[in-house]
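[1] Got a sequence here, can you model it:
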Amino acid sequence: MNGKPETVSELYPRPWLKAGDLGGKAVTVRISEVDLKEFHMPDGSFKLAIVLAFDKATKKLICNKTQSFTLARVLGTERLADWPGKSVTLAPGQAPNGKQTITVKEAGNGQEPK
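    This next block holds a predicted model:
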């Protein structure tokens, strides 16, 4: 590649993890950081969301309400400060509206990232 991007995606990488990034497989990840970020919505309002960073990963996951409550249940705590260092399995799934999503499960249901 000579250090130069060869595709538009390489030139402008998306910072957010999407279901398609999982390659159709479940993957077990270790949470390295939990942050709250305010996002500007199409209607002009703002929405606060949990954003997770993972060890050995460049993309972050913006958690929706379902993912957030599932994380709290799977990790055994609603306290965000307790989440870093814990592992979960992320898998591609389908939301009730038919769109692709990332499902959250207990760790051990997917392959550890290499």
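
[2] Quick one: residues contacting the spatially most central residue of the chain.
    Nearest residue to the geometric centre of the chain (C-alpha atoms, centre = their mean): Leu61, 2.5 Å. By C-beta atoms under 8 Å, 6 or more residues apart in numbering, Leu61 lies in contact with Trp16, Leu17, Val51, Leu52, Phe54, Gln67, Leu90, Ile102. Bear in mind the C-beta positions are built from the backbone N, C-alpha and C, glycine included.

[3] gap between it and Arg79?
    18 Å (C-beta to C-beta, to the nearest Å).

[4] same thing with Arg14?
    Relative to Arg79, and taking C-beta to C-beta, Arg14 is found at 29 Å.

[5] low pLDDT regions in the protein?
    1-2, 109-114 (pLDDT under 70).

[6] and Gln100, what does it touch?
    Lys18, Ala19, Gly20, Pro92, Gly93, Gln94.

[7] Mark which of these are buried, thanks.
    Ala19, Pro92 (16 or more other C-beta atoms under 10 Å).

[8] on contacts alone, who are the packing partners of the helix ranked longest in the chain?
    Assignment by DSSP state H gives helix 65-75 as the longest helix of the chain. Packing partners of helix 65-75 (3 or more C-beta pairs under 8 Å, 6 or more residues apart in numbering; DSSP states H and E): strand 46-54, strand 87-94, strand 100-106.

[9] any idea of the angle the longest one forms with strand 87-94?
    Using axes from the mean of the first three to the mean of the last three C-alpha atoms, to 10 degrees, the interaxial angle of strand 46-54 with respect to strand 87-94 works out to 120 degrees.

[10] For strand 46-54, output the C-alpha coordinates as CSV.
    C-alpha atoms of strand 46-54 as CSV (Å, rounded to 0.1, in the frame of the first residue of the first chain):
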residue,chain,number,x,y,z
PHE,A,46,-29.3,16.2,21.3
LYS,A,47,-29.1,12.7,22.8
LEU,A,48,-26.7,11.4,25.4
ALA,A,49,-25.3,7.9,24.7
ILE,A,50,-22.9,5.4,26.2
VAL,A,51,-19.8,4.9,24.0
LEU,A,52,-17.6,1.9,24.5
ALA,A,53,-13.9,1.5,23.5
PHE,A,54,-12.4,-2.0,23.4
